[in-house]
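A.B. asks: Coordinates for the following, if possible.
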Amino acid sequence: MTHNTELTPKFHPEITPSLEELQAQQRRLVFRRFTYEDAWALGSLLVELARERQAPVAIDIHRAGQQLFHAALPGSAPDNDAWIARKRRVVERYGEASYLVGARFRAKGTTFEDSSRLDPDRYAAHGGSFPITVEGVGVIGAVTVSGLPQLQDHRFVVEALEEFLRED
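C.D. replies: Numbering: from 1, shown residues only. Below is the predicted model:
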């Protein structure tokens, strides 16, 4: 499989997506099913893309409270695992991408940390965790990346999901 090796080929890093764009991503990126094999294939795709780009990331896929996939690439650190857990908890609590949750608070003129009333040591509404949503079921888990700036983490996960679902 050949991939574009630019970090975010179809996005401009300085352009922040609107709430509408972020919501559209969630409506569009829905699975028909999500099996152990799907977790392995999606995680492997993320690793392949990260290696091609030499991205210093950690990658995690959880479903129903169980870790189905985890990889740490060169340049990542234990702190990335802590960020993964904090971002994933936001997806589990809100049922939405961690970046979208943070963007909603910013759109109201505040921050997640100031207004959510959740412990910032346990929750982080920063980009990089995206819900695994199954048609007719709802959110069953999350795919999370940590190691890049938050918008790049978000876009990296979205790009991989788009490619994975296109091939499904």
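A.B. asks: which residue is nearest the centroid of the protein?
C.D. replies: Geometric centre of the chain, nearest residue: residue 129, 2.8 Å, by CA atoms, centre = their mean.
A.B. asks: the helices in the protein, which residues?
C.D. replies: 19-28, 36-53, 78-94, 98-107, 112-115, 150-167 (DSSP state H).
A.B. asks: who touches the shortest one?
C.D. replies: If you take CB atoms under 8 Å, 6 or more residues apart in numbering as the criterion, helix 112-115 is touched by 90, 101-102, 105, 108, 118, 120, 123-125. To be clear about C-beta, it is placed using only N, CA and C from the backbone, and glycine gets the same treatment.
A.B. asks: Mind pulling up the pLDDT for the residue of the chain most remote from its centre?
C.D. replies: What lies farthest from the middle of the chain is residue 109; by CA atoms, centre = their mean that is 23.6 Å. Per-residue confidence (pLDDT) for residue 109: 96.
A.B. asks: rewinding a little: using TSV, lay out the helices of the chain together with distance to residue 140 and mean neighbour count.
C.D. replies: TSV is the format used below for these (distance: least, CB to CB, whole Å; neighbours: other CB atoms under 10 Å):
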stretch	distance to residue 140	mean neighbour count
helix 19-28	14	14
helix 36-53	11	18
helix 78-94	10	20
helix 98-107	16	21
helix 112-115	23	14
helix 150-167	14	20
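A.B. asks: Which one, of these, ends up nearest to residue 71?
C.D. replies: helix 36-53 (5.1 Å; CB to CB).
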